[in-house]
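J.: Predicted model follows, preceded by the sequence.
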Amino acid sequence: MADDAPPAPAPASGPPSSLSAAQREELLRTGWMHHDYLWFKYTMKGQGPDEVNRPNGQILFAMARAEMMRLMRALGVSRVTDAETMHRLLREAGDLYVGSLAPTRMETGDGWIRLSTTSCFAQEGMKRDGLAEHYHCGPMTRVSGWLSAMKITYEFEPGIGLCLPNQGKDCRYTVKVRLPF
């Protein structure tokens with residue numbers, strides 16, 4: 001799959017911002033996620049769950065692949081050959097692209113990663129707006145795109161589908177991974 005992500009923009013010049021880099025990053029992240037949420041919400045109401053979940057999952061997966069490829073280039077990682085690099089990239093991607101919106105705990109073992117959270121912006125928004133029973137998990141779809149970009153063979157347990165907390169379950173996934181060496 002070709003990397004169709006545009007190159008990173010050149011650094012801006014001009015007067016310094018009174019916001020810290022972390023504040024700017026959080027504002028940009030939450031702005032983008034709110035846009036994504038609004039698109040999902042209005043498309044769901046206008047077209048229904050099947051017509052929004054399918055393309056939303058495909059778009060999130062492709063976007064996440066591009067995110068990870070950009071991140072790997074920025075960090076000088078041309079290929080993932082060990083679990084430590086895979087874990088570092090997942091942590092970096094989670095911190096950069098999701099941040100405080102869905103603080104995720106990552107546990108690792110030999111051939112597996114366990115991801116869990118107790119607070120997810122996507123789940124909370126869907127519940128608040130009455131869309132919870134139809135919402136397919138976007139954050140884990142994003143993780144699957146990151147792993148795909150790293151050329152990691154993986155399997156989610158349970159499989160990615162309807163949001164687990166919206167079904168009364170804990171948000172906890174175990175990902176079986178096989179590195180590409």
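T.: Ah, there it is. Numbers count the residues shown, from 1 in each chain.

J.: And the strands in this protein, which stretches?
T.: 105-109, 112-117, 153-157, 171-178 (DSSP state E).

J.: how far off strand 112-117 does the last one point, in degrees?
T.: Spelled out, that is strand 171-178. 160 degrees (axes from the mean of the first three to the mean of the last three Cα atoms, to 10 degrees).

J.: what is the orientation angle of strand 171-178 with strand 105-109?
T.: Using the same axes, to 10 degrees: strand 171-178 against strand 105-109 is 30 degrees.

J.: Tell me which of the strands of the chain sits nearest to residue 163.
T.: Closest of the strands of the chain to residue 163 is strand 171-178, at 7.7 Å (criterion: Cβ to Cβ). For every residue, glycine as well, the C-beta is placed using N, CA and C.

J.: now the residue nearest the centre of the chain, nearest residue through space, not along the chain?
T.: For the chain, residue 142 is the residue whose C-alpha lies nearest the centre (Cα atoms, centre = their mean; 3.4 Å). Excluding the flanking residues, the one nearest residue 142 by Cβ to Cβ, 6 or more residues apart in numbering is residue 64, at 4.2 Å.

J.: distance of that neighbour from residue 82?
T.: 21 Å (Cβ to Cβ, to the nearest Å).

J.: and residue 4, what pLDDT?
T.: On the pLDDT scale, residue 4 is placed at 61.

J.: and what of the one 5 residues further on?
T.: The confidence metric pLDDT takes the value 63 at residue 9.

J.: Could you do residue 1 as well?
T.: 46.

J.: Could you do residue 33 as well?
T.: 87.

J.: That one - how many residues pack around it?
T.: For residue 33, the count of nearby residues is 19 (other Cβ atoms under 10 Å).

J.: and it, what is it in contact with?
T.: 101, 121 (Cβ atoms under 8 Å, 6 or more residues apart in numbering).

J.: rerun that using 6 Å as the cut-off
T.: residue 101 (Cβ atoms under 6 Å, 6 or more residues apart in numbering).

J.: separation between the nearest residue in space to residue 91 that is not next to it in sequence and residue 131?
T.: Computed as Cβ to Cβ, 6+ apart, the closest residue to residue 91 that is not its neighbour in sequence is residue 106, at 6.7 Å. According to Cβ to Cβ, residue 106 stands 27 Å off from residue 131.

J.: next one: residue 176
T.: Taken as Cβ to Cβ, the span from residue 176 to residue 131 is 30 Å.

J.: Sounds good, over and out.
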